[in-house]
Each structure stands twice: as structure tokens, then as C-alpha cells.
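Trainee: Starting from these lines, generate the structure:
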Amino acid sequence: VEATTNTDDFTVMEIGCGVGNTVLPLLERGEKAIVKGERRRVNVWGLDFASVAIDLLRKDERFIRASENERAHAGVWDITLPPPPEYGIENISDVSILLFCLSAVSPEKMPEAARHVASTLKPGGMLVFRDYGRYDEAQM
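Mentor: Alright, predicted model coming up:
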């Protein structure tokens, strides 16, 4: 599943996407978006550690329709390891999103996971993340 993105495309990558709770709404918004005053085609990647979650995402009609236009891509990836070369996802993302993903990584593997995630970004790309903080209710 190699990325076939044009350099004029705007690519959003959700890492730790599960079954696509962010990916699918992004695809529903349509093929184009206005980014910095320009109308650009939007490509969306969904990546997750769980192959079952990726299989479910790939079966969703919204994902299927977008993938037929080469706008939607999905794959299995353990972020503690380098991105699979066959995906071609290094330096392609304008925005990479991690929602409640880093807390699933052991502390000793976090620096490497952060480097791998950062490798997906184009120069000037943005990493957006949210996770649990120390002493959040989830940790009590």
C-alpha cells in the first residue's frame, strides 16, 4: 500500500487510528479542502498496531470509496519500529495525529517511537497529539 500522493496534496496521517474514528470523518468532508488559502486534495492515512482494527477500517464504505480514488490508505504499524518501507510514509504527512497512542508505549521505547512518528512528517509538518497525563483519572 504505497503512498501515491502528489506534492500538491495535503496529507493527514492518524497514527493509532483504531477503526478510523478520526480518519472516517476526515474522508466524509470531501476530496478537497482549503489549506492556507489554496484548494487542495486531501489524502488520509490510518495506521494502527492492531491488524483487526485496520481490517475493519478497510471494510468501511467511506474508506472503500476514498481508496478507489487513492485518497485513503491504511496499514498496520508498531511505532516502536521504523515505518514499513513498502508503505512509503516517510516525509509525506502535513499533519500527523496521535490520540491516546503514546500511553500504550512503554517509557523506554517512547524516544524511538517519537522519532519514527516524526519521520512521517514533511519539513514544516505538524504533529498533533493528546494523551493521558500523570495522575489523570485514567491512571488512578
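Trainee: any weak-confidence spans in this protein?
Mentor: For the chain, the stretches flagged by pLDDT under 70 are 1-7, 137-140.
Trainee: give me the number of residues near K122?
Mentor: 15 (other C-beta atoms under 10 Å). Any C-beta I mention is one placed from the backbone N, CA and C, and that applies to glycine too.
Trainee: part of a strand, is it?
Mentor: Yes. The assignment for K122 by DSSP: H, G, I helix; E, B strand; the rest coil puts it in a strand.
Trainee: so what's it up against?
Mentor: 11, 91-94 (C-beta atoms under 8 Å, 6 or more residues apart in numbering).
Trainee: Verify the contact between F100 and D131 for me.
Mentor: Yes. The criterion here is C-beta atoms under 8 Å, and F100 meets it with D131 at 5.5 Å.
Trainee: K59: which of the contacts of K122 is nearest?
Mentor: T11 (22.5 Å; C-beta to C-beta).
Trainee: ok, now how distant is that closest one from P82?
Mentor: 19 Å (C-beta to C-beta, to the nearest Å).
Trainee: Between the two, tell me which one has more neighbours.
Mentor: Ranked by neighbour count (other C-beta under 10 Å), T11 and P82 place T11 first, with 26 against 13.
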